[in-house]
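> A structural model of the following input is requested.
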Amino acid sequence: MTAEWVAVATVNEMGRRRKLRVELNDVAIALFQAGGRVYAFADLCVHQDRSLFKGTLLHGKVICPGHQWQFDLETGYEADQDRCQPTYPVRVDDAGTIYVQPTPKRPEAAAEAEQEARA
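Purely as a prediction, here's the structure:
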């Protein structure tokens with residue numbers, strides 16, 4: 001069974017900052033726009049519960065404002081710490097509405113994919 005897509009925002013709401021914090025089923029989600037795509041992360045960092053929304057987007061990574069962990073936009077993987085930030089499937093329709101699935105992707109699968117790509 002495929003999880004239901006939930007409309008959470010529009011691309012216009014992200015504005016020039018290219019990021020937005022939304023709530024999805026009482027979970028804070030940080031949306032980031034880069035390279036023409038939108039990515040969704042659990043807002044609280046797996047390290048010390050800092051808000052990733054308050055972080056920086058740089059070179060395909062979200063940089064946590066707490067200890068500068070750098071999470072890959074595609075996978076949520078943090079190479080230096082060998083950990084993953086929970087990410088969520090995202091799609092954007094032709095009208096610019098952003099939809100997120102409420103079930104996060106499996107972080108272990110992201111870490112395995114990242115490690116295989118580096119091998």
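> Can you name the residues that contact Cys81?
That one is not Cys; residue 81 is Gln. Going by C-beta atoms under 8 Å, 6 or more residues apart in numbering, Gln81 touches 47, 69. Quick note: C-beta positions are derived from backbone N, CA and C, even for glycine.
> Would you mind giving the secondary structure of it?
coil (DSSP: H, G, I helix; E, B strand; the rest coil).
> quick one, phi/psi of it?
In terms of degrees, to the nearest 10, the main-chain angles of Gln81 are phi -110, psi -10.
> how close does it get to Gln70?
Distance of Gln81 to Gln70, given as C-beta to C-beta, to the nearest Å: 9 Å.
> Next: Arg50.
Noted for Arg50: a distance of 13 Å to Gln70, by C-beta to C-beta.
> Equivalent analysis for Tyr88, please.
From Tyr88 to Gln70 the distance is 19 Å (C-beta to C-beta).
> Next, the contact list for the closest residue to Pro104 other than its chain neighbours, please.
Counting by C-beta to C-beta, 6 or more residues apart in numbering, Pro104 lies nearest to Pro86, which is 4.0 Å off, once chain neighbours are set aside. By C-beta under 8 Å, 6+ apart, the residues touching Pro86 are 41-42, 46, 76, 104-105, 107.
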